[in-house]
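S.K.: Model the following, please.
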Amino acid sequence: MEIRTGGLDHPAVASLLQEHLQSMAQLSPPESIHALDLDALRKPQITFWSAWQDDELMGCGALKQLDAAHGEIKSMRTASRHRRKGVAAAMLEHILDEAQRRAYTQLSLETGSMQGFEPARALYARYGFESCGPFADYTDDPNSVFMTRAVQRP
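M.R.: The predicted model follows:
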């Protein structure tokens, strides 16, 4: 698997992100969907990565800079046919490495509270993320779970 910076102009990436947004719409009420579309992922404070095996897209993930010391994980998604192959773990490790390289002290995320989000919450917990309150512009929402962890110094 190769993790590449960018890819937002690739049709397979656009399709995967559309699938991601549709899945969020099936699992969450509209006011609780915090997934980003292609345009939002192009903002300068967001770095986007796509994971590939040869020419096949396996997944994606992004890191949003909240401030000089705090980042947020966004748009983590594994292509359906590549689930349970370690794609999400590899992307998460890549994002953690980048957060460390940027000298962030904290990395946070928002995910859903519903059963369909349990695999994501379990993955994040395995990597040391713990529940926290809302951060950045988020507000308390029973449909959201907020998680955070310290970023280890090299």
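S.K.: which sections of the chain are below the confidence cut-off?
M.R.: 154 (pLDDT under 70).
S.K.: helices or strands next to the longest helix along it in the packing?
M.R.: Counting residues, the longest helix found in the chain (DSSP state H) is helix 11-27. The contact analysis (3 or more Cβ pairs under 8 Å, 6 or more residues apart in numbering; DSSP states H and E) places helix 11-27 against helix 38-41, strand 56-67, strand 70-78. Placement of C-beta: from N, CA and C, glycine included.
S.K.: centre of the chain versus it, how much separation?
M.R.: 13 Å (Cα atoms, centre = their mean, to the nearest Å).
S.K.: and it, C-alpha only, in PDB?
M.R.: The C-alpha trace of helix 11-27 is given here as PDB (Å, rounded to 0.1, in the frame of the first residue of the first chain):
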ATOM      1  CA  PRO A  11     -12.400  10.100 -10.100                       C
ATOM      2  CA  ALA A  12     -12.000   7.100  -7.700                       C
ATOM      3  CA  VAL A  13     -11.300   9.500  -4.800                       C
ATOM      4  CA  ALA A  14     -14.300  11.600  -5.700                       C
ATOM      5  CA  SER A  15     -16.400   8.500  -5.800                       C
ATOM      6  CA  LEU A  16     -15.100   7.200  -2.400                       C
ATOM      7  CA  LEU A  17     -15.800  10.600  -0.800                       C
ATOM      8  CA  GLN A  18     -19.300  10.600  -2.200                       C
ATOM      9  CA  GLU A  19     -19.900   7.100  -0.800                       C
ATOM     10  CA  HIS A  20     -18.600   8.500   2.500                       C
ATOM     11  CA  LEU A  21     -21.100  11.400   2.500                       C
ATOM     12  CA  GLN A  22     -23.900   9.100   1.500                       C
ATOM     13  CA  SER A  23     -23.000   6.700   4.300                       C
ATOM     14  CA  MET A  24     -23.000   9.500   6.800                       C
ATOM     15  CA  ALA A  25     -26.400  10.600   5.600                       C
ATOM     16  CA  GLN A  26     -27.800   7.100   6.200                       C
ATOM     17  CA  LEU A  27     -26.300   6.900   9.700                       C
END
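S.K.: Show me what counts as buried in it.
M.R.: By neighbour count on 16 or more other Cβ atoms under 10 Å, the buried set for helix 11-27 is Ala12, Val13, Leu16, Leu17, His20, Leu21, Met24, Leu27.
S.K.: Perfect, that will be all.
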